[in-house]
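1. Make a model of this:
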Amino acid sequence: MMAQREISAFLKNAANPFWKRGLFPLFLPLCLVLLSFAIVIRMLLSDWMIDPQYSYGFLVPLLAVGLLWRRLKDVPAPIYPSLLSLIGGDLVGLLSTGGLLLLIPFAEANPDWRILGIVATFCALGVTFAVLLHLGGWPWVKHFGFPICFILIADPWTRNFEKEITSFLVSWNADAAIEILHWWGYEAARQGNLILLPVGVLGMEEACSGIQSLQGGLMVALFFGEYFRLKVVRRLLLLLVAVVGAMFGNMLRSSFLAFVASSRGLSEVHHWHDPAGLLVLLIAVASVACCSFLWREKKTSTPTASDKRGNFSKPLSLGNKSMAFFGMLFLLLILSLAGSEYWFRSHELAMTSSVNWDLQARTQRGVFPVTVSTETSKLLFNPDGFSEKWVKKSGEHGQVFYFRWPTGRIAVQSIVAMHNPLSCLTNIGMKRLGALASIHLEKKGISLDFRGWLFEQDGNLIYVYHATPMDSQIPASVLESLNDSPQGRFKSLLIGMRNRGQRMVEVAFWNLPDELAARDALSRYLDEAVVRHSPQSPISAIGKK
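-> Numbering: from 1, shown residues only. Model (predicted):
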């Protein structure tokens with residue numbers, strides 16, 4: 001009689017909708033999983049927002065939820081795991097939570113370090129698999145494994161790996177475009193990533209590499225492979241279709257743009273650049289979708305009502321120890337988030353500057369705006385700002401670069417290290433002659449410290465001044481001790497320093513008689529360009545033309 005009552009209760013519960021099956025024990029584990037992935041998304045969000053290459057990342061969590069919902073229709077019956085499996089799962093969950101505890105403050109101080117987001121994603125997966133092991137045993141871990149791991153496709157690649165892949169694709173496209181032009185009887189030669197044509201020079205930039213369509217194609221291939229439940233071999237073939245489609249499509253795109261430049265002139269290329277790229281992306285996605293549809297498993301039997309409803313069975317009941325364990329992990333993550341915020345805010349209260357200021361682009365005669373290339377902007381993590389040149393009646397020539405990074409986009413030491421005149425200017429052919437005396441200037445209540453160098457190019461002397469003023473009043477000795485190494489990044493965490501607003505100002509002067517004239521020219525430029533705002537006024541002068 002006891003067995004019959006249990007079977008009857010089980011069948012009655014299985015016939016109810018998902019939300020009426022007494023699944024309250026899922027609430028705490030579900031909150032733990034959601035919090036873990038919320039932490040991961042918070043780390044990845046900056047790259048999704050500022051880098052068009054990873055803008056598809058916003059779709060990945062939604063697609064993952066769709067795949068999980070689809071998996072709920074045929075979830076297997078739960079099986080109690082062995083004691084050894086539970087201990088192993090709890091250990092993985094504990095270590096993964098510990099990893100997130102450390103990564104939360106570390107990522108706050110170093111939001112541009114992509115490896116942190118990758119490691120955090122694996123930690124969130126570890127926490128999720130530990131939860132699934134408790135709820136449904138190994139059948140649930142296997143059943144929900146792929147949809148949960150789908151979030152990995154949204155992780156931005158490490159910058160060195162991304163650079164290698166991009167360089168390979170750009171080189172491939174340039175060679176293919178030149179070869180196709182030769183077939184059609186047009187003259188073309190390659191110089192680095194440039195295609196030399198009789199009508200001018202066509203640049204093969206990162207936007208022409210095809211890496212965006214490649215990553216989008218891989219995401220679509222993984223999604224449709226799971227959606228149609230393709231076998232492993234067919235899923236691998238689908239990935240191959242995505243790679244080949246992206247490479248072949250972008251080869252045609254680059255060749256087409258080179259053909260347009262050769263036949264109609266370089267001025268026509270920008271009209272076709274974005275439409276051609278969109279067409280290549282659509283073709284790559286469509287080819288993957290068609291192949292996955294053709295390779296799907298054909299159903300020969302007619303589904304019954306029970307098949308349509310699915311066979312979701314009640315999860316394994318969580319004991320008090322399991323609930324306490326997941327509650328402890330959830331509380332630790334909350335404490336880490338709160339503690340991290342307290343740590344940085346307590347240090348920032350002593351360093352925060354109350355002065356709100358900017359440089360503004362000028363509109364007077366003799367001043368000309370300079371366009372900052374998309375590639376340069378990407379290398380600098382897409383800051384706001386502007387560049388301009390000017391020529392004065394006295395013969396003075398000058399140029400300024402002013403960039404500002406919003407709060408939390410990039411680590412302080414990355415800004416200090418990534419745009420160094422000593423490396424940037426020598427890479428474009430300037431010769432460094434020596435250092436100039438540092439300058440401390442007070443303009444409209446703003447303190448600015450500039451370092452200076454003297455360069456030479458084609459017999460002309462160039463006076464270059466560089467400053468990295470911050471919205472936080474951090475001693476110069478501390479800034480100079482920071483670097484882009486793991487030790488330098490860890491030090492920024494120890495001293496409670498995160499980027500609350502960072503600027504870079506670089507001013508260069510030509511045709512001046514001596515260093516004293518250059519210092520005077522810098523002071524006069526700042527008098528014209530510095531704008532001080534009240535604390536309540538919005539920052540609106542950046543890039544104003």
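2. hey, let's count contacts and neighbours off CA atoms from now on
-> Fine.
3. Run through the stretch 301-450 of the chain and note the low-pLDDT ranges.
-> Counting by pLDDT under 70, the stretch 301-450 of the chain contains low-confidence ranges at 301-317, 348-355, 375, 379, 408-420, 422-423, 426-428.
4. All the helices of it, residue numbers only.
-> 305-309, 320-348, 374-379, 412-418, 421-427 (DSSP state H, counting those that start in this stretch).
5. Then the stretch 1-150 of the chain?
-> Going by DSSP H, counting those that start in this stretch, the stretch 1-150 of the chain shows helices at 2-15, 27-50, 59-71, 83-109, 114-149.
6. Quick check: which of those is nearest to S254?
-> Closest approach to S254 among the helices of the stretch 1-150 of the chain is made by helix 27-50 (24.7 Å; C-alpha to C-alpha).
7. neighbouring contacts of that closest one?
-> By C-alpha atoms under 8 Å, 6 or more residues apart in numbering, the residues outside helix 27-50 that reach it are 54-58, 100, 104, 107, 111, 116-117, 120-121, 124, 127-128, 131, 155-156, 323, 326-327, 329-330, 333, 381-382, 409.
8. Next: stretch 324-339.
-> Contacts with stretch 324-339, where a contact means C-alpha under 8 Å, 6+ apart, come from L28, P29, C31, L32, L35, S36, L94, T97, L100, L101, I104, P105.
9. Give the buried residues for it.
-> By 16 or more other C-alpha atoms under 10 Å, the buried positions in stretch 324-339 come out as F325, F326, L329, F330, L332, L333, S336, L337.
10. Looking at the helices of the stretch 1-150 of the chain, which one is packed in the most?
-> Per-residue neighbour counts averaged over each of the helices of the stretch 1-150 of the chain give the maximum for helix 114-149, namely a mean of 22 (mean count of other C-alpha atoms under 10 Å).
11. Got phi/psi on M504?
-> When quoted as degrees, to the nearest 10, the phi and psi of M504 stand at phi -140, psi 130.
12. Now do it: how many residues are near it, please.
-> Number of residues near M504 (other C-alpha atoms under 10 Å) recorded here: 19.
13. now A361
-> When neighbours are counted by other C-alpha under 10 Å, A361 comes out with 23.
14. Does it touch E388 like I think?
-> Yes: between A361 and E388 a contact is recorded at 7.3 Å, counting by C-alpha atoms under 8 Å.
15. Report the buried residues of stretch 158-177.
-> Of the residues in stretch 158-177, those buried by neighbour count under the rule 16+ other C-alpha under 10 Å are T166, S167, L169, V170, S171, W172, N173, A174, D175, A176, A177.
16. do stretch 493-511 as well
-> With burial defined by 16+ other C-alpha under 10 Å, the residues of stretch 493-511 counted as buried are 493, 496-511.
17. for this protein, where's the lowest mean pLDDT among helices and strands?
-> None of the helices or strands of the chain scores lower by mean pLDDT, DSSP states H and E than helix 305-309, at a mean of 43.
18. so I178 makes contact with R190?
-> Yes: I178 lies in contact with R190 (C-alpha under 8 Å); the separation is 7.4 Å.
19. Which one's more surrounded, these two?
-> A count of neighbours by other C-alpha under 10 Å puts I178 above the other of I178 and R190, at 22 against 17.
20. Which helix or strand contains the more buried one?
-> Here I178 sits within helix 159-183, counting by DSSP states H and E.
21. ok now that helix, how far from the chain's centre?
-> Distance, stretch centre to chain centre, for helix 159-183: 23 Å (C-alpha atoms, centre = their mean, to the nearest Å).
22. Name the next helix or strand downstream of it, please.
-> Taking DSSP H and E, what comes next after helix 159-183 is strand 189-191.
23. That following strand: partners in the sheet, and parallel or antiparallel?
-> Sheet pairing of strand 189-191 (DSSP bridges) gives strand 194-197 (antiparallel).
24. roughly how far is the strand it pairs with from the heart of the chain?
-> Remark: strand 194-197 is offset 31 Å from the chain centroid, using C-alpha atoms, centre = their mean.
25. which residues sit against that strand?
-> The list of residues contacting strand 194-197 from outside it, by C-alpha under 8 Å, 6+ apart, reads A174, I178, E187, A188, A189, R190, V201, L202, G203, M204, S262.
26. which two from the residues you listed end up farthest apart in space?
-> Considering C-alpha to C-alpha, no two members of these lie farther apart than E187 and M204, which are separated by 16.8 Å.
27. Settle it for me: which of the two has more neighbours?
-> With other C-alpha under 10 Å as the criterion, E187 and M204 differ in neighbour count, and M204 comes out ahead with 18 against 15.
28. List the residues that contact G429.
-> Under the criterion of C-alpha under 8 Å, 6+ apart, the contact partners of G429 comprise Q457.
29. Domain parsing of this protein, as residue ranges.
-> Structural domains annotated on the chain: 14-156+319-348, 159-294, 356-533, as defined by automatic domain parsing.
30. Show the end-to-end separation of the last one, please.
-> Put plainly, it is domain 356-533. The first and final residues of domain 356-533 sit 5 Å from each other (C-alpha to C-alpha, to the nearest Å).
31. Also the second one?
-> Length of domain 159-294, first residue to last, C-alpha to C-alpha: 36 Å.
32. Let me know the average pLDDT across it.
-> Mean pLDDT, computed over domain 159-294, is 84.
33. Quick one: neighbours of the closest residue to M504 other than its chain neighbours, just the number.
-> Nearest residue to M504 in three dimensions, chain neighbours excluded: T468, at 4.5 Å (C-alpha to C-alpha, 6 or more residues apart in numbering). Look at T468: counted by other C-alpha under 10 Å, it has 21 neighbours.
34. T468 contacts V507, doesn't it?
-> No: T468 is not in contact with V507 according to C-alpha under 8 Å; the separation is 11.9 Å.
35. mind checking pLDDT for S537?
-> The pLDDT attached to S537 in the predicted structure is 40.
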